[in-house]
Structures are given as structure tokens and as C-alpha cells.
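A.B. asks: Sequence and computational prediction follow.
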Amino acid sequence: MAQLLFCFLLTFAALEPFTSEAAAAGSLYDWRLLSVNGFSWSNCDGESLSAKIKSLSLIPDPINIPGDLTVSTVLETKVPLTSPIKVIITAEKELLGEWMKVPCLDNIGSCTYDNVCELIDTIFPPGQQCPEPLHTYGLPCHCPFKEGVYSLPDTTLTLPKVDLPSWLANGNYRLTGVLIADNKEIGCGKFTFSLESSSWSF
């Protein structure tokens, strides 16, 4: 799960231009995310898979957006991870006590990413040094990822404003991310949280 989690944590800022551009174009991005509450995580598989999250801390709770987020994590992969690496995200929202699958719209929701390595390369162009805080701690930001343990000590990131489509704005969510390499499931993580947003179009 190493590159999946690093990509998740370090691309908040990279996503902001896309959400702002969508809002300016008059899309459904008419809600502004205010906070992420009650974040929790677990490995789906116990100790059976090769890549796993050993620890993950996000402070504060709730996470205010925009605002500062302090992250620390330890990730491990017992096998080298080489391109192509597939990630399958299943997103669910709680509605009337039932969990409903969120469809994949504009690359948000229950989406399959056939080659995460290529996606990372579009955010962090090859040939350039990895961005902070990865560079400081000697952590990679491109495939392949060697087997081993990857540690990120307490690091404070500044989260930008994030706009959301109205159908995603508020509620309780759970995400399952499955990492596949060489046509085998390598890692699986579960994340639960709630979103609080407010309409900004009126």
C-alpha cells in the first residue's frame, strides 16, 4: 500500500486546480469541504498480504479544510512493486442506515486505476527530485518501489480549499482500496470517515 497511501496524502494540493477549474466551468462542484471527521483505518487482510499499513496517524480530528494536517505513517511491502500497478477503490456512503456504492464520476468514487505508476508520474514528473516531505526522508515517489519499510515521521501538510459535487458533500463514508501487481492482490486498506460541507453557490 506504500505508493497508494503516499499518493493519497501528498496530492491534496495537486487536486485543487482541477476542482477549482471544474467549479469555474459551472459543473456540479458547488459545495466546499469544511472538515473530515472520525477518520479510521485498518488493513483488510490481517497479516496475509505482502503490503500493509503498519501505522497511520492523522491529526487533528476533525481535519479542517483548509487547514494544517499532521501525518505520520509506517508502510511495509514484502515484495518489490513494479509497473503496472492497479488500484481498485470501492467507495460507499451511508444512506438511511444502509451502505450504498458510490459510482465513479470524474475519477471520484468507486473507480479502478489501471496503472497508478503513470498517474504518479503525471503529478511528480520523472527526473525531478521528489517533493517534500518525501525528499527529506529519502522516500521514493516513483515506481518501482523496493521491498522494505517506509517511515514518514510527523509531518505537517497544508490542505487547500477543496470543492465537491453536491452528491458527495455530506455524510458517512467508507473506502476500500485494493492494490494489485502481477495480477495478484498485494495489499488492501479500509478507511472510514465523515464529511461536512457547505454550499458556496448561493
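C.D. replies: The structure has been received and is ready for your questions.
A.B. asks: and Ser83, what helix or strand is that in?
C.D. replies: Assessed by DSSP states H and E, Ser83 sits outside every helix and strand.
A.B. asks: Burial check on it, number of neighbours?
C.D. replies: 14 (other C-beta atoms under 10 Å). Glycine gets a C-beta too; all of them are placed from N, C-alpha and C.
A.B. asks: do Gly177 as well
C.D. replies: 20.
A.B. asks: can you pull up the bridge partners for it?
C.D. replies: Ile89, Gly189 (DSSP bridges).
A.B. asks: Next secondary structure after the helix or strand bottoming out on mean pLDDT in the chain?
C.D. replies: The helix or strand of the chain with the poorest confidence is helix 12-24; it has a mean of 36 (mean pLDDT, DSSP states H and E). Using DSSP H and E, the helix or strand that follows helix 12-24 in sequence is strand 29-43.
A.B. asks: Distance from the helix or strand following that following strand to the middle of the chain?
C.D. replies: Next in sequence after strand 29-43, counting helices and strands by DSSP H and E, comes strand 51-59. Distance, stretch centre to chain centre, for strand 51-59: 12 Å (C-alpha atoms, centre = their mean, to the nearest Å).
A.B. asks: Can you mark which positions in strand 51-59 are buried?
C.D. replies: By neighbour count with 16 or more other C-beta atoms under 10 Å, strand 51-59 contains the buried residues 51-53, 56, 58.
A.B. asks: Which residue, neighbours along the chain excluded, lies closest to Thr112?
C.D. replies: Ile88 (5.0 Å; C-beta to C-beta, 6 or more residues apart in numbering).
A.B. asks: I'd like to know how many residues surround the one you found.
C.D. replies: 16.
A.B. asks: Equivalent analysis for the one 10 residues further on, please.
C.D. replies: Glu98 has 8 neighbouring residues, counting by other C-beta under 10 Å.
A.B. asks: Please apply the same query to the one 3 residues further on.
C.D. replies: Other residues within reach of Lys101, judged by other C-beta under 10 Å, total 11.
A.B. asks: Look up how far Gly189 lies from it.
C.D. replies: 18 Å (C-beta to C-beta, to the nearest Å).
A.B. asks: separation between the nearest residue to Asp45 once chain neighbours are set aside and Leu49?
C.D. replies: Leaving out its chain neighbours, the residue that sits closest to Asp45 by C-beta to C-beta, 6+ apart is Cys188, at 5.2 Å. Distance, Cys188 to Leu49, by C-beta to C-beta: 6 Å.
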